[in-house]
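Participant: model the structure of this input:
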Amino acid sequence: MIIRTAILAACAIALAACYTSDSLLLNSSAGVQPLPDGVYSNGKGDFHRLTRASDGWYVDQIKAGDAKDFGAGDRLLLVSIGTHDGKPLYAFAKDEPEIGYIYGVVEVDGGRFYRALPDCEEETDRDAAAANGGSYKESDDGVGVCNFSSASSLTEALRAYVASGGASTDFAQAFERTGD
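Facilitator: Okay, the predicted model is just below:
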């Protein structure tokens, strides 16, 4: 119960009710690093500093809004799950030590990327999860997550989320490389 509460708190901080799992479902040996190291910006004051790690993961340091410095960094794993509108599509896993993993999708177009997190408060995102083996759970404070127990269920749900248009709003905002 403590772990589930911590996951829900992490999703609430990210302003989304996430796709989650207790253990890593993506194959870490299939990790790819399609983006070069560097700082990426959406032009609205949000920055990601991506650094390739030797184990196939990225370290993603975020600076958002009025923050003066980049944060300590999260570990991100990208695994190819096909294409969307002719561009490479990746599932990503964000390692949340002590609570599990949060998942989303990244679309890469040249030197920029678009990211999207499913929101299980949205019916289409929740339906994509349920149709592919995800289970919806809601906490006492009303924040829900879609939890998965298999890689195939997760990746099919992420593909369905993108196909349903769920990612289209988030994909409208590009993060472009602005420096090293």
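Participant: compute the number of surrounding residues for residue 83.
Facilitator: By other C-beta atoms under 10 Å, the residues close to residue 83 number 10. To be clear about C-beta, it is placed using only N, CA and C from the backbone, and glycine gets the same treatment.
Participant: could you find the closest non-adjacent residue to it?
Facilitator: residue 89 (5.5 Å; C-beta to C-beta, 6 or more residues apart in numbering).
Participant: need the contact list for that neighbour.
Facilitator: By C-beta atoms under 8 Å, 6 or more residues apart in numbering, the contact set of residue 89 is 80-83, 105-107, 159, 162.
Participant: of the residues you listed, select the buried ones using a ChimeraX command.
Facilitator: Listed next is the ChimeraX selection for buried residues among the contacts of residue 89, using 16 or more other C-beta atoms under 10 Å:
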select :81,105,106,107,159,162
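Participant: which of the contacts of residue 89 lies closest to residue 63?
Facilitator: Of all those, residue 63 sits closest to residue 106, with 18.5 Å by C-beta to C-beta.
Participant: can you name the residues bridging to the closest one?
Facilitator: Note on residue 106: beta-bridge partners residue 90, residue 115, judged by DSSP bridges.
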